[in-house]
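Undergrad: sequence and predicted model, in that order:
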Amino acid sequence: MAICPQCPDQDESLEEDTMKVYSPLTLEKLARQRLLREEALAISALKDLPNILFPVMFEEAFINGHTKVLTAMIPVWPYPYLSVGMMIKNLNLETLKAVLEGLDILIAQKVHSSRCKLREINWRNGYHDINGICTRSYEDLPGFMTQKQPMQNSPGCGVKKELKLTTQLELIEGRLDESATYLLQWAQQRKDSIHLCCRRLEIQGLTKATVIEIFNFLHADCVQDLELLHLRIEDLAFLNPYLRQMNNLLDLTLSHITDTLSDSEISQLPIFQCLESISVNNVSFIYGNLKGFLRCLKKPLDSLSITDCNLSQSDLDFLPYCRNICELESIKIADISLCYLHLEPLRFFLQRVGHSLQYLELEACGIQDSQINTLLPAISQCFHLRGVSFCNNNFSLLFLKELLHHTAQLSQLEREIYPAPLECYEMGVILSHRLENFCPELLDILRAKRKPKEVTFETTQCSKCGGYYIYDLGSQSCIFQL
């Protein structure tokens, strides 16, 4: 463990600048605020409100709690899609009720307004269009609220219903929060008209009765992103029938599952048809069983993350021979001690995925000089790498230079993180001035082959304050960060 020579307190140079540049409100914003202050006037004006003003008006009403306006806007929403994900931090039960009350009015109407085009509402937190697809009708329109997102059809969700609500659910210590509970109950009472589609499900701790209640109503094959945290082996066994129904699951995260599994129990895990990403953090049963665990894959993975776990030599030996991870775009191995293992299998594995690999993270693995030397030929052949991180490993200055000579050949790198060399520590104390002295020479190794874009060299964290020093290419100076 390293410590700073002085654990600095936050000083004036690190304090947030509270000076704000005054920017006068536009006439349009002033008009919206004036309109929303008189809700009756705002509601009566909706019939004549231009379509382009609906999203910004809705956003302001949502954030500032103008519930009557929200209710009135839903039955005349002029777009097929509405997303509140970007505003979810402002969601409370009263706001939710207001939107759902507007949906009730819309459902009850025998003849819908010719203006209303609403078919889907998205409640997911921070949801955005990852594909960059935009179908905005106007250049300045908040597209995240109106654009139609590409949705995969789920086999169990083929029944046509009037409206679709796409949401996420977090089951924490066996309970849903107040808003999620209300939304579920509301949708269940209107199941003939509403399809509630849960794309992301987090289960942290388990109450069987709640899980049964949720899956009695939700379609399991709608779930695309699943996180299972702080569960026991018997919890996994209980969830197994539901996991087997998740035919469209793309991302799976397992975290803090500290029980062990026998070979027969691992073999009972379901096989996922279209899984693209697996993240495993602090999961005990991985040790010695990586081969059995990865049998759950039906098709090749795009991303694999294994952190804070123990890996055996047999686990590493298996990596180059697993057919379903031979096309990885991203691999992260972090907070795992590899210092006593032979890394030749990891080298063969990197050689095998070199044609597809774009992101490589080998962090806090205790890798020694001789071990990184084993990996260098394979790393230098990963020509499609866009990001690498080797922070918190034990490299001497000599071998760090060797690593840089190899990564200098990777012309597509955009983001690079390297550890401060061992010479930057003495008797457990971080010597930041040495890092500042070493880094210009280290950067010159990269500059000799290409123009680096974003490069940092980082010390380990101080065991007292948690801060660390970085040398950043942009500032070309050593900076302390908390």
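TA: Arrived safely. Just so you know, these numbers come straight off a predicted model, no measurement behind them.

Undergrad: after the one helix or strand in the chain whose mean pLDDT sits lowest, which helix or strand is next?
TA: Each helix and strand of the chain was given a mean pLDDT (mean pLDDT, DSSP states H and E); the minimum falls on helix 27-37 at a mean of 61. Using DSSP states H and E, the helix or strand that follows helix 27-37 in sequence is helix 39-45.

Undergrad: kindly export stretch 242-259 (C-alpha atoms) in PDB.
TA: Extracted C-alpha coordinates of stretch 242-259, given in PDB (Å, rounded to 0.1, in the frame of the first residue of the first chain):
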ATOM      1  CA  TYR A 242     -37.300 -17.500 -15.300                       C
ATOM      2  CA  LEU A 243     -33.800 -17.200 -16.700                       C
ATOM      3  CA  ARG A 244     -34.600 -19.900 -19.200                       C
ATOM      4  CA  GLN A 245     -37.500 -17.800 -20.500                       C
ATOM      5  CA  MET A 246     -35.200 -14.800 -21.200                       C
ATOM      6  CA  ASN A 247     -34.600 -15.600 -24.900                       C
ATOM      7  CA  ASN A 248     -33.700 -12.000 -25.800                       C
ATOM      8  CA  LEU A 249     -31.200 -11.400 -23.000                       C
ATOM      9  CA  LEU A 250     -28.200  -9.400 -24.300                       C
ATOM     10  CA  ASP A 251     -26.300  -8.300 -21.100                       C
ATOM     11  CA  LEU A 252     -25.800 -10.400 -18.000                       C
ATOM     12  CA  THR A 253     -24.100  -9.100 -14.800                       C
ATOM     13  CA  LEU A 254     -23.400 -11.300 -11.800                       C
ATOM     14  CA  SER A 255     -22.000  -9.600  -8.700                       C
ATOM     15  CA  HIS A 256     -21.200 -10.600  -5.100                       C
ATOM     16  CA  ILE A 257     -22.300 -14.200  -5.300                       C
ATOM     17  CA  THR A 258     -19.900 -15.800  -2.800                       C
ATOM     18  CA  ASP A 259     -21.300 -19.300  -2.600                       C
END
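
Undergrad: what is the mean pLDDT for that stretch?
TA: Mean pLDDT, stretch 242-259: 93.

Undergrad: also stretch 165-175?
TA: In this model, stretch 165-175 has a mean pLDDT of 89.

Undergrad: contacts for it?
TA: Contacts to stretch 165-175, defined as CB atoms under 8 Å, 6 or more residues apart in numbering, come from residues 120-125, 151, 176-177, 180, 183-184, 187, 194-207, 210-211, 214, 218, 225. All C-beta spots, glycine's among them, are computed from the backbone N, C-alpha and C.

Undergrad: then stretch 265-273?
TA: Here stretch 265-273 has contacts from 233, 236-237, 240, 243-244, 246-249, 252, 285, 289, 292-293, 295-299, using CB under 8 Å, 6+ apart.

Undergrad: if any of those are buried, put those into a PyMOL selection.
TA: Those of the contacts of stretch 265-273 that count as buried under 16 or more other CB atoms under 10 Å are selected in PyMOL with:
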select buried, resi 233+236+243+246+247+248+249+252+285+289+292+293+296+297
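
Undergrad: among the contacts of stretch 265-273, which are in helices?
TA: Among the contacts of stretch 265-273, the ones falling in helices (DSSP state H) are 233, 236-237, 240, 243, 292-293.

Undergrad: as a markdown table, the residues you listed with distance to Pro270 would be great.
TA: What follows is the ones in helices among the contacts of stretch 265-273, written out as a markdown table (distance: CB to CB, whole Å):
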| residue | distance to Pro270 |
| --- | --- |
| Ile233 | 15 |
| Leu236 | 10 |
| Ala237 | 12 |
| Asn240 | 6 |
| Leu243 | 5 |
| Gly292 | 13 |
| Phe293 | 12 |
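
Undergrad: which of those residues lies closest to Leu53?
TA: Leu53 has its nearest neighbour among the ones in helices among the contacts of stretch 265-273 in Leu243, at 45.1 Å by CB to CB.

Undergrad: what about the nearest residue to the closest one once chain neighbours are set aside, neighbour count?
TA: Spatial nearest neighbour of Leu243, chain neighbours left out: Pro270 (4.7 Å); criterion: CB to CB, 6 or more residues apart in numbering. Using other CB atoms under 10 Å, Pro270 has 16 other residues around it.
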